[in-house]
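*Asks:* how would this look folded up:
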Amino acid sequence: MIRLDNLTKVFDTPKGAVIAADHISMEVPAGEICILLGPSGCGKTTTLKMVNRIIRPTSGKVFLDGEDTTGMDTQDLRRSIGYVIQQIGLFPNMTIEENITVVPKLLGWDKARYKERAREMMAMIALEPDAFLKRYPSELSGGQQQRIGVARALAADPPLMLMDEPFGAIDPINRAVIQDEFLKMQQELNKTIMFVSHDIDEAIKMGDRIAVFREGKLVQYSTPDDLLAAPKNSFVESFLGEDRALKRLNLVKVREIVSDEIGSVRPDDTLETARQRIEDFGYQNAILMVNDKHQPVGIITHAVARTTKGFCRDHFQGIPALVNLDDDLRKVASLMFAHDITWLPCVDDDGRVCGQITQRAITRHLGSRYRALQGDVPPNNDSSGDDSLIDTVAKE
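*Replies:* Numbers count the residues shown, from 1 in each chain. Down below sits the predicted model:
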């Protein structure tokens, strides 16, 4: 959807020429979010603004959906691109409805259509139309204004959006909420987005691809996982931080490494049955107890199964935590550390047990990815042979 071909910008200053963007070439596929990342003054915002010609390139070309924009009328170009900035940029003398409908009006939409579009956009950003459309920007919180800025950029349904640190001025809690809402919208809208950020965690969370800039040059352009697993040079490595392996936990879902090899017992099974299954499955400490719907209800420790008579329903302990298939590994690791355990049961959206995840499976997955990118071995998600234990709850 977006292709930059040797895009260059040189600013003339009293001290001489300054190269802000140096022969930037990259492509952003349709429907993806590309994050431009780097320290202040590295050229990422300059590159973004050359796409809609807020800054005119010194040389090079911008192609949108295969069309060279060099000869396009500047106003037509900008009206075809949604634009969101950190300062939001709402017109203070206009109502929220008037702000949202600015571009549709310029494009000649009739009144009924653009008014209905304003209501649609308010619903999309989770703000009540009747409560907000007639208000002015000064009557809204910073987070609400930022949502309106996104709604205005989307109002004319542009295929392409440019976003210049759109959530940077919002407090961390509201920023996380708005990021999540925006990603949900993107799943439905499928826009092509170029997004400037200086926040590594935001880039990893939001981006399908990340472009790292330094001193006007594009240093590395990769998927978040490839970037974290195989930084191109020492600058990228230091910029990402020493905890880049931990950052990768955000990118991997439980479903990618879950193992379906998990034993279980029912409440009416005897403790002798539990002991046999613990030993059959190689568990040294515990086995999961499930109900008739295969939902987890507790665990039976090996110590209890080995030394006590009776039924599982009378001797089970609580489950420290559960994870869903769509949870990321950061949540899994957090739960394991919090409860001092190395194994967690995984459930689907109906709460049914569908497998297990272990610390060893996590470390094996991360390690195999590093080795694969370095050309040593292919990625291996096999979690067989893991220590499937619930250590803490089984201690006596």
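*Asks:* For the nearest residue to R313 once chain neighbours are set aside, list the residues it contacts.
*Replies:* Distances taken as Cβ to Cβ, 6 or more residues apart in numbering place P267 nearest to R313, at 3.5 Å, with adjacent residues excluded. From N, CA and C alone the C-beta is placed, and that goes for glycine too. By Cβ atoms under 8 Å, 6 or more residues apart in numbering, the residues touching P267 are M289, N291, V297, F311, C312, R313, F316.
*Asks:* Spell out the secondary structure type for the third one.
*Replies:* Translated: V297. Following DSSP: H, G, I helix; E, B strand; the rest coil, the label given to V297 is strand.
*Asks:* can you count the residues close to it?
*Replies:* By the criterion of other Cβ atoms under 10 Å, V297 has 16 neighbours.
*Asks:* Isn't it up against Q317?
*Replies:* No - at 10.6 Å, V297 does not count as touching Q317 under the criterion of Cβ atoms under 8 Å.
*Asks:* which stretches of the stretch 251-396 of the chain form helices?
*Replies:* 271-280, 302-307, 329-339, 359-373, 391-394 (DSSP state H, counting those that start in this stretch).
*Asks:* want to try a markdown table for those, with mean neighbour count, mean pLDDT and distance to R56 as columns?
*Replies:* Formatted as a markdown table, the helices of the stretch 251-396 of the chain follow (neighbours: other Cβ atoms under 10 Å; pLDDT from 0 to 100; distance: least, Cβ to Cβ, whole Å):
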| stretch | mean neighbour count | mean pLDDT | distance to R56 |
| --- | --- | --- | --- |
| helix 271-280 | 18 | 91 | 71 |
| helix 302-307 | 16 | 91 | 72 |
| helix 329-339 | 17 | 93 | 42 |
| helix 359-373 | 18 | 79 | 38 |
| helix 391-394 | 16 | 42 | 63 |
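*Asks:* closest one to L183 among those?
*Replies:* Ranking those by distance to L183, with Cβ to Cβ as the measure, places helix 329-339 first at 15.9 Å.
*Asks:* got any ranges where this protein has weak pLDDT?
*Replies:* Residue ranges of the chain with pLDDT under 70: 87-88, 169, 282-284, 369-396.
*Asks:* and the longest helix for it?
*Replies:* helix 172-189 (DSSP state H).
*Asks:* how about the most centrally placed residue in the chain, what does it touch?
*Replies:* Centroid-nearest residue in the chain, with Cα atoms, centre = their mean: K205, separated by 2.8 Å. Contacts for K205 (Cβ under 8 Å, 6+ apart) come out as Q179, L183, N250.
*Asks:* can you rerun that using 10 Å?
*Replies:* I35, A176, Q179, D180, L183, S197, D199, P224, K247, N250, L251, D328 (Cβ atoms under 10 Å, 6 or more residues apart in numbering).
*Asks:* Only the buried residues of the longest helix of the chain, if you could.
*Replies:* N174, R175, I178, Q179, F182, M185, Q186 (16 or more other Cβ atoms under 10 Å).
*Asks:* Pick out the most distant pair among those residues.
*Replies:* Maximum pairwise distance among those (Cβ to Cβ): 18.3 Å, between N174 and Q186.
*Asks:* Next, format the contacts of P267 as CSV and append distance to R352.
*Replies:* Output for those, formatted as CSV (distance: Cβ to Cβ, whole Å):
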residue, distance to R352
M289, 14
N291, 10
V297, 12
F311, 22
C312, 18
R313, 19
F316, 18
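*Asks:* Please state the offset of stretch 212-225 from the chain centre?
*Replies:* Averaging C-alpha positions (Cα atoms, centre = their mean, to the nearest Å) puts stretch 212-225 18 Å from its chain's average.
*Asks:* Name the residues of it that come out as buried.
*Replies:* Quick answer for stretch 212-225 (16+ other Cβ under 10 Å): V212, F213, R214, G216, L218, V219, Q220, Y221, S222, P224, D225.
*Asks:* okay, how far is it across that stretch, tip to tip?
*Replies:* 14 Å (Cα to Cα, to the nearest Å).
*Asks:* on that earlier part again, what about the residue nearest to the centre of the chain, is that helix, strand or coil?
*Replies:* Strictly by three-state DSSP, K205 counts as helix.
*Asks:* now do the one 5 residues further on
*Replies:* Reducing the assignment at I210 to three states with three-state DSSP gives strand.
*Asks:* what's the answer for E237, then?
*Replies:* helix.
*Asks:* and it, how many neighbours does it have?
*Replies:* Other residues close to E237 by other Cβ under 10 Å number 14.
*Asks:* same thing with G318?
*Replies:* 9.
*Asks:* Buried subset of the contacts of P267, written for PyMOL?
*Replies:* Buried residues among the contacts of P267 (16+ other Cβ under 10 Å), as a PyMOL selection:
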select buried, resi 289+297+311+312+316
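*Asks:* if you look at the contacts of P267, which of them are in strands?
*Replies:* In strands, judged by DSSP state E, the following of the contacts of P267 are found: M289, V297.
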